[in-house]
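# Got a sequence here, can you model it:
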Amino acid sequence: MVWSLVVWIITALLILGVLTQRWWEPRLADKRFDLRAFPWRWYFAGFPAVAIRMRWRWKQVCLINDLSISRQPRRTVVGDMVVKGDALRQVMPRIGLPHVTPTGLVVRIRLNQGQTPAPFLAAAEALEHAWEVHRVRVTSPRRREVLVTVTARDPLAEEPMSEVAHRPKVLLARVGRIEDGGAWVLDFKKVPHWLVVGATRSGKSTLLAALVRELAPQPVALVGIDCKGGMELGLFGRRLSALASTRKEAGALLVALVDEISKRMAQCRSAQVRSVWELPDAERPVPVVVLVDELAELYLTDGSRESRDEAARCSTHLLRLAQIGAALGLHLVVSGQRVGSDLGPGVTALRAQLGGRIAHRVNDPTTAEMALGDLSPEAVDVAQLITEEEQGVAVTTIGGRWMRARSVLTTTEEARQTAAESAHLAPELPVLVEAINKEGGNA
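Okay, here's the model as predicted:
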């Protein structure tokens, strides 16, 4: 009898989850759907177990964490004399039916009269332990209602594998996995410029390598600025259209890039369009993605006049590219171990132009604050909790909200192979190369 009841409950939950989620519609429309990658175990075993555990322990969790209210008796105590009345009863908020997701479930909780979402927000960690799940996120989309999103297991604990073969779109890079199990995609047409911060061995260089690997087969010009002698971006030298390895070369390259977008601006003005994307395909100039590794090297000075002039030159032209480059087909990916206002006002002004933010594990809270502080204080706290063992894990902006993500591991050998296989696709930009060579010859 008991087992029959358990089987009936599990079957009902599965049917309910499928009908409410309707996961088959986008999956059937997606020709890249792989049955082997579908989370069968979660849908048929994990979800029913978690749903039953949530319902079974709901009353206990509410009592321990003060999530219930006391119903007052019809009669009360007068002085020292007890007047006959009803006993106090705890009333639990009503928990709704769970909606299954590929990595967890979502459930709505109807609050009792007079309750606020604050106790539920504070009890998120307690719910994780009681329900034995990886993470519980609590939000309040409307009054007297709390939305609880449960992540059963950490999708970032496993190394993200290469996605199913796909036809890459221009300026669209699939670099890893986000915490809800979906693909981590950088779309430069939606978010034209990105700021990436992270300490040594946090995964910052791996992310840049994954990004280059995705952009390499596309009709895109990749330009590198690596003032550490080109040690990082030099691995992709054969695919890069230009690479500056010193600050003097970087200054000359940035000047040449500003001249290039000025020409594109004149071209758009002549054609009476607002961006290069409105030009005919035959007339549209090639998109350019500028990768800047270790931003601080462009801004730090030794106190000499020449050093200050170099830093000011790089700061001014980099900011100009960020301000007007997106509509003209030029995009920035700026990375650094430490990015703070102490590098100068130019860094703060540049940060404001970089709409996409990615924060790996950092050594100082100032860098995390610079990357995510204007988005969400909670995101700053989460970024500082990333441990040394979580290499490649970062907090990033996805669709106007923040989320944890992990990039695909790209080894040095894979980076070299990518550069070799796609070297013939590198667009020739002789003006940029000449600017770098000229400055390098004068150094």
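# Quick one: residues contacting R53.
Neighbour list for R53: 131-132 [criterion: CB atoms under 8 Å, 6 or more residues apart in numbering]. From N, CA and C alone the C-beta is placed, and that goes for glycine too.
# Could you rerun that using 10 Å?
Neighbour list for R53: 130-133 [criterion: CB atoms under 10 Å, 6 or more residues apart in numbering].
# would you say it is within a helix?
Yes: per DSSP: H, G, I helix; E, B strand; the rest coil, R53 lies within a helix segment.
# if we can go back for a sec, can you redo the contacts of R53 as CSV with pLDDT and secondary structure?
Shown next, in CSV, are those (pLDDT from 0 to 100; DSSP: H, G, I helix; E, B strand; the rest coil):
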residue, pLDDT, secondary structure
A130, 89, helix
W131, 90, helix
E132, 88, coil
V133, 88, coil
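# could you pull out the helices for the stretch 251-400 of the chain?
All helices of the stretch 251-400 of the chain, identified by DSSP state H, counting those that start in this stretch, fall at 296-299, 305-324, 345-353, 365-372, 377-384.
# Give me the buried subset of the contacts of R53.
By neighbour count, with 16 or more other CB atoms under 10 Å, the contacts of R53 hold 130-131, 133 as buried.
# In TSV, list those residues along with distance to V100.
Below are these laid out as TSV (distance: CB to CB, whole Å):
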residue	distance to V100
A130	19
W131	14
V133	13
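# what's the closest residue to R110 other than its chain neighbours in contact with, if anything?
Leaving aside its chain neighbours, R110 sits nearest to R94 (4.3 Å; criterion: CB to CB, 6 or more residues apart in numbering). By CB under 10 Å, 6+ apart, the contact list for R94 reads 58, 108-112.
# Which secondary structure element of this protein has the lowest mean pLDDT?
When the helices and strands of the chain are scored by mean pLDDT, DSSP states H and E, helix 24-29 comes last with a mean of 41.
# Report the mean confidence score over stretch 351-359.
For stretch 351-359, mean pLDDT rounds to 91.
# The most centrally placed residue in the chain and P377: what is the separation?
Taking CA atoms, centre = their mean, the centroid of the chain lies closest to T396, which sits 2.7 Å from it. Per CB to CB, to the nearest Å, T396 is found 16 Å from P377.
# ditto for E421
With CB to CB as the criterion, E421 and P377 are 44 Å apart.
# same deal with R135?
Using CB to CB, R135 is found at 19 Å from P377.
# picking up where we left off before, quick one: closest of the helices of the stretch 251-400 of the chain to C268.
Set against C268 and scored by CB to CB, the helices of the stretch 251-400 of the chain come closest in helix 305-324, at 10.9 Å.
# about what we covered before: cross the contacts of R94 against helices and list the overlap.
W58 (DSSP state H).
# possible to save the contacts of R94 as TSV with pLDDT and distance to V197?
TSV is the format used below for the contacts of R94 (pLDDT from 0 to 100; distance: CB to CB, whole Å):
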residue	pLDDT	distance to V197
W58	90	41
R108	92	36
I109	91	36
R110	91	41
L111	89	39
N112	87	44
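# Q90: what's it in contact with?
If you count contacts by CB under 10 Å, 6+ apart, Q90 has them with 59, 62-63, 67-71.
# swap the cut-off to 8 Å and go again
62-63, 68-71.
# Let me know the closest of the residues you listed to T316.
C62 (58.7 Å).
# pretty sure the closest one contacts S68?
Yes: taking CB atoms under 8 Å as the definition, C62 is a contact partner of S68 at 4.4 Å.
# intersection of neighbour lists for those two?
By CB under 8 Å, 6+ apart, the residues touching both C62 and S68 are 90, 92-93.
# right, so the helices of the stretch 251-400 of the chain: which one is the most enclosed?
helix 365-372 (a mean of 22; mean count of other CB atoms under 10 Å).
# elements contacting that helix?
strand 193-197, helix 345-353, strand 356-359, helix 377-384 (3 or more CB pairs under 8 Å, 6 or more residues apart in numbering; DSSP states H and E).
# So which of the ones you listed is nearest V408?
From the helices and strands packed on helix 365-372, taking CB to CB, the stretch that ends up closest is strand 356-359, at 14.0 Å.
# Can you tell me the SS state at F44?
With three-state DSSP as the criterion, F44 reads helix.
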